[in-house]
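**Student:** predicted structure and sequence below. I'll ask about it afterward.
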Amino acid sequence: MKLRVLLAVVATVGAVGFASAQKTTTVEITGNEARMTDAVSAVHARPLVCDVKMKTYYQSDPKTGAINKAAKNTDLSWCIENDFHKIEKETSRFTDYWFLSREDFYAVYVKNNHIDVENLKNYAMFRSQQYHKCDVILAPVFNYRTATNDEKGAAGDVYLTLTVMGFAGDFINFRQATMEDFDLLKQNAELEYDRQRQGISSNSGKDAN
């Protein structure tokens with residue numbers, strides 16, 4: 001009698017253990033996405049405009065702009081002269097020469113057998129802005145040509161000579177634009193559009209030599 005009871009208990013425990021082993025846990029994953037209207041703030045900021053002050057070799061009268069050729073400016077670190085950087089002292093117009101090796105020229109500035117003139121000009125302008133410590137180059141003229149033998153002897157392994165001529169200028173007197181400024185900006189935009197439409201560019205050129 002005791003044996004049967006023991007077997008019955010063992011059988012019951014086994015059944016419970018089996019049921020426990022067969023039990024599975026179900027996890028339900030759901031995802032929801034709601035379309036929301038983004039909050040957009042319509043902000044219209046009045047643009048800033050500024051004046052440009054040209055750097056000069058000689059001191060100038062702050063009111064009339066007249067040049068005093070008897071007095072140099074106190075800081076001429078922006079126009080240090082050497083074989084590759086010249087300055088016309090009376091007009092303050094500079095001329096810079098920058099050089100590229102054949103390897104750099106063909107690796108960076110030639111694409112699909114065409115010279116990337118705009119990229120060449122941007123590079124030369126940037127170098128001149130750095131050298132003259134200025135914000136902008138006024139009335140720039142850009143030219144590129146193969147280096148002469150004299151330039152190769154003086155500058156080393158060079159292939160192309162980039163020339164930048166212009167006037168160094170700094171931004172001053174930042175202010176919010178007025179209606180007069182807007183009219184001037186509109187006129188400048190129209191002139192630029194006309195130049196582009198007619199295919200006229202006074203800022204770049206190529207020497208065939």
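**Tutor:** Arrived safely.
**Student:** for the longest strand along the chain, which strands pair with it and how are they oriented?
**Tutor:** Across the chain, the longest stretch assigned as strand under DSSP state E is strand 160-176. Applying DSSP bridges, strand 160-176 is found paired with strand 48-54 (antiparallel), strand 93-100 (antiparallel), strand 136-146 (antiparallel).
**Student:** please put the alpha-carbon coordinates of the next helix or strand after it into CSV.
**Tutor:** Note on strand 160-176: by DSSP states H and E, the next helix or strand toward the C-terminus is helix 179-198. The C-alpha trace of helix 179-198 is given here as CSV (Å, rounded to 0.1, in the frame of the first residue of the first chain):
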residue,chain,number,x,y,z
MET,A,179,16.3,100.0,-48.0
GLU,A,180,19.1,101.9,-49.6
ASP,A,181,21.4,98.8,-49.1
PHE,A,182,18.7,96.5,-50.6
ASP,A,183,18.5,98.7,-53.7
LEU,A,184,22.2,98.6,-54.1
LEU,A,185,22.3,94.8,-53.7
LYS,A,186,19.5,94.5,-56.3
GLN,A,187,21.5,96.6,-58.8
ASN,A,188,24.6,94.6,-58.2
ALA,A,189,22.7,91.3,-58.7
GLU,A,190,21.3,92.6,-62.0
LEU,A,191,24.7,93.7,-63.2
GLU,A,192,26.2,90.3,-62.3
TYR,A,193,23.3,88.5,-64.1
ASP,A,194,23.9,90.6,-67.2
ARG,A,195,27.6,89.8,-67.2
GLN,A,196,26.9,86.0,-66.8
ARG,A,197,24.3,86.1,-69.6
GLN,A,198,26.7,87.8,-72.0
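**Student:** mind listing what's buried along helix 179-198?
**Tutor:** For helix 179-198, a neighbour-count test (16 or more other C-beta atoms under 10 Å) marks Asp181 as buried. Placement of C-beta: from N, CA and C, glycine included.
**Student:** what's the spacing between it and its chain's center?
**Tutor:** 23 Å (C-alpha atoms, centre = their mean, to the nearest Å).
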